[in-house]
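here are the coordinates; sequence isn't available:
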């Protein structure tokens, strides 16, 4: 007989099984009779909670097949978090469902649901970027988050950000993403391609951390089309221009500062970060151990740009003489190039001084960093090998230096080829 079900007074489902028992009685009765027996069993009426990774497949009304799977449970409501995959055939959906379940193993979607793009970037900034990035770079990243990321994509759920969302975001930044400020009025409305790439790198790094924490399965920055960076033409001073430059620098009282920079190729912050304890007059050496930068309106000491930037440079006899002149000018100051108040000079002030010297010498306007380019270009043109120049500049590899000054090395190769050609032609 079939089983049937009933609900008892406690609203619990009861299973009722009916079956027959044939009984033979002895002696006077020769025919058997039957007894109907009923057995009841209480059954749990509550539905089972689907475990993470379970899935099912069904055909939708629109003809497509759909596979659904559980990836976690909402920490507030306890409800299952369901995701799905779609396909034209059942076989296609089976494969997609299997792959999706495998990819989502270990992902804590319940925890991920508590983060948006903006809130997760704040976590990344405080616990990762603050430790790893240089103070100036960290401050720039804070600006990216506040002015661009949070207003545009900050409210999107962490696991919901797609590459298409990022592509639209980058297009907005390029077209008109610059923050409306007084100092930016003369600049283009859109951000520079290099800035957009920096923001992209920042988001990518934050999502790598999210993957490590099992909050997302993929990094949406992968596969994005990024704008090409147009490298500005490198400007340098020629030997003739240097003569006019030094003449005017002497008259302005800043000869020693610019001479040392052109003799060593130091970055602006490295030059201003020099202390007399870094100068070894006897050995003719200069240690680069710190930099000066402006942060939150204050001139402060900061680490140098990279680990390769910590270096010791040899000094020529002329450079040592110039430094001894500067030593007599600075008195008891610990800084090689002190400000009028006794502390380190502001990076902005030496840039303004440079522009005044160039203007008075009737030379083209260049950046302070172009003095560093002038040092590297002249060194390579005069036979110093790329590896040596690279180590003096504090670059992370000679390959980077070679790429940055390819035009100089190409000219040197052409001269070498012509020299070899002349030698061989005389031998023939």
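Thanks, I have it. Source: prediction; values computed, not measured.

and the helices in the stretch 1-150 of the chain?
90-103, 109-112, 117-124, 130-132, 135-144, 150-153 (DSSP state H, counting those that start in this stretch).

tell me which residues in stretch 189-199 are buried?
Residues of stretch 189-199 classed as buried by neighbour count (16 or more other C-beta atoms under 10 Å): 190-193, 195-197, 199. Just so you know, the C-beta spots here come from the backbone N, C-alpha and C atoms, and that holds for glycine as well.

just stretch 376-386 next, same as before
Applying 16+ other C-beta under 10 Å to stretch 376-386 flags 376-381, 386 as buried.

farthest pair in these?
The distance between the two most remote of the buried residues of stretch 376-386 (C-beta to C-beta) is 13.8 Å, for 378 and 386.

if we can go back for a sec, least confident of the helices of the stretch 1-150 of the chain, on average?
Among those, helix 109-112 carries the lowest mean pLDDT, at a mean of 69.

state the pLDDT value of the nearest residue to residue 318 once chain neighbours are set aside.
Residue nearest to residue 318 in three dimensions, not counting chain neighbours: residue 263, with 7.5 Å by C-beta to C-beta, 6 or more residues apart in numbering. Per-residue pLDDT puts residue 263 at 93.

quick one: residue 263 from residue 314, how far?
Separation of residue 263 from residue 314 (C-beta to C-beta, to the nearest Å): 10 Å.

tell me which of those two has more neighbours.
For the pair residue 263 and residue 314, the greater number of neighbours falls to residue 263 (17 against 11), based on other C-beta atoms under 10 Å.

out of the buried residues of stretch 189-199, list just those in helices.
If you go by DSSP state H, these have 193, 195-197, 199 in helices.

what about the strands in the stretch 301-428 of the chain?
Secondary structure of the stretch 301-428 of the chain, counting by DSSP state E, counting those that start in this stretch: strands at 311-314.

in it, which spans are helices?
Ranges of helices in the stretch 301-428 of the chain, per DSSP H, counting those that start in this stretch, are 317-330, 347-360, 369-381, 386-393, 398-404, 406-427.

in TSV, list these along with mean pLDDT and distance to residue 113.
Formatted as TSV, the helices of the stretch 301-428 of the chain follow (pLDDT from 0 to 100; distance: least, C-beta to C-beta, whole Å):
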stretch	mean pLDDT	distance to residue 113
helix 317-330	94	60
helix 347-360	94	45
helix 369-381	90	46
helix 386-393	89	48
helix 398-404	78	43
helix 406-427	67	50
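
any chance of those in a markdown table, plus distance to residue 94?
Below are the helices of the stretch 301-428 of the chain laid out as a markdown table (distance: least, C-beta to C-beta, whole Å):
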| stretch | distance to residue 94 |
| --- | --- |
| helix 317-330 | 74 |
| helix 347-360 | 62 |
| helix 369-381 | 59 |
| helix 386-393 | 56 |
| helix 398-404 | 48 |
| helix 406-427 | 54 |
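
highest mean neighbour count out of those helices?
A comparison of the helices of the stretch 301-428 of the chain by mean neighbour count, using mean count of other C-beta atoms under 10 Å, puts helix 369-381 on top with a mean of 20.

helices or strands up against it?
helix 255-264, helix 386-393, helix 406-427 (3 or more C-beta pairs under 8 Å, 6 or more residues apart in numbering; DSSP states H and E).

how about a cut-off of 6 Å?
helix 255-264, helix 386-393 (3 or more C-beta pairs under 6 Å, 6 or more residues apart in numbering; DSSP states H and E).

what's the closest of those to residue 72?
Between those, helix 386-393 lies closest to residue 72; by C-beta to C-beta that is 50.6 Å.

on that earlier part again, among the buried residues of stretch 189-199, which one lies nearest to residue 129?
The closest of the buried residues of stretch 189-199, once distances to residue 129 are taken by C-beta to C-beta, is residue 199, at 12.9 Å.

can you give me the neighbour number for the spatially closest residue to the closest one that is not a sequence neighbour?
Distances taken as C-beta to C-beta, 6+ apart put residue 144 closest to residue 199, at 5.1 Å, once the chain neighbours are dropped. For residue 144, the count of nearby residues is 20 (other C-beta under 10 Å).

separation between residue 144 and residue 241?
38 Å.

any regions of this protein where pLDDT drops low?
Within the chain, the stretches with pLDDT under 70 are 1-55, 103-110, 180-187, 409-417, 419-421, 423-425, 427-428.

same list, the helices and strands packed on helix 369-381, but as JSON lines with distance to residue 279 please.
Converted to JSON lines, the helices and strands packed on helix 369-381 look like this (distance: least, C-beta to C-beta, whole Å):
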{"stretch": "helix 255-264", "distance to residue 279": "10"}
{"stretch": "helix 386-393", "distance to residue 279": "16"}
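
those: which one's closest to residue 85?
With C-beta to C-beta, the closest approach to residue 85 among these belongs to helix 386-393: 51.0 Å.

just checking, what packs against the closest one?
Applying 3+ C-beta pairs under 6 Å, 6+ apart, we find helix 386-393 packed against helix 369-381, helix 398-404.

what would those look like in a markdown table with distance to residue 322?
Listed next are the helices and strands packed on helix 386-393 as a markdown table, based on distance: least, C-beta to C-beta, whole Å:
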| stretch | distance to residue 322 |
| --- | --- |
| helix 369-381 | 15 |
| helix 398-404 | 26 |
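
residues contacting residue 226?
For residue 226, the contact set (C-beta atoms under 6 Å, 6 or more residues apart in numbering) comprises residue 197.

is it in a helix, a strand, or coil?
Using DSSP: H, G, I helix; E, B strand; the rest coil, the structure places residue 226 in coil.

who's in contact with residue 168?
For residue 168, no contacting residues are found, by C-beta under 6 Å, 6+ apart.

before we move on, what about residue 351?
residue 368.
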